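K.L.:
coords please:
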Amino acid sequence: MTKAKAVAQVAKYEKWLLPAKDRFTESGQTVGEIDLFCKLYMLKASLPELSSGAMGAFYTRMQALPGIKKVLDGGSKLGMLHDYLVAMP
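P.N.:
Below is the predicted model:
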């Protein structure tokens, strides 16, 4: 995915953020939000601005959730997050 395409895709999501700008739903822990976090996590290495721009509050809150933090820190019995992710062509 090109940088421009990734930025455009993230911009589409930004308009659905709730007023606090750190979640899309009241609970903030839906499968869709976790899926979006994983996508941003995959893109972060090559496009760090995606996790610090308008989606920064969402990204920061999600990575601090206990379950996600456990996976990011390698504490999950199933491995680290990158073990779950497969790059698509």
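K.L.:
any idea of the pLDDT on the residue of the chain most remote from its centre?
P.N.:
Using C-alpha atoms, centre = their mean, the residue of the chain lying farthest from its centre is residue 77. It sits 21.1 Å away. Looking at residue 77, its pLDDT is 74.
K.L.:
How about the one 10 residues further on?
P.N.:
For residue 87, the model assigns a pLDDT of 52.
K.L.:
any idea whether the residue farthest from the centre of the chain is helix, strand or coil?
P.N.:
coil (DSSP: H, G, I helix; E, B strand; the rest coil).
K.L.:
From residue 59, how far off is it?
P.N.:
Per C-beta to C-beta, to the nearest Å, residue 77 is found 25 Å from residue 59. Where C-beta positions appear, they are placed from N, C-alpha and C, glycine not excepted.
K.L.:
And for residue 48?
P.N.:
Residue 48 is 10 Å from residue 59, by C-beta to C-beta.
K.L.:
Quick one: neighbours of residue 50, just the number.
P.N.:
Look at residue 50: counted by other C-beta atoms under 10 Å, it has 22 neighbours.
K.L.:
Since that was my last question, I'll sign off now.
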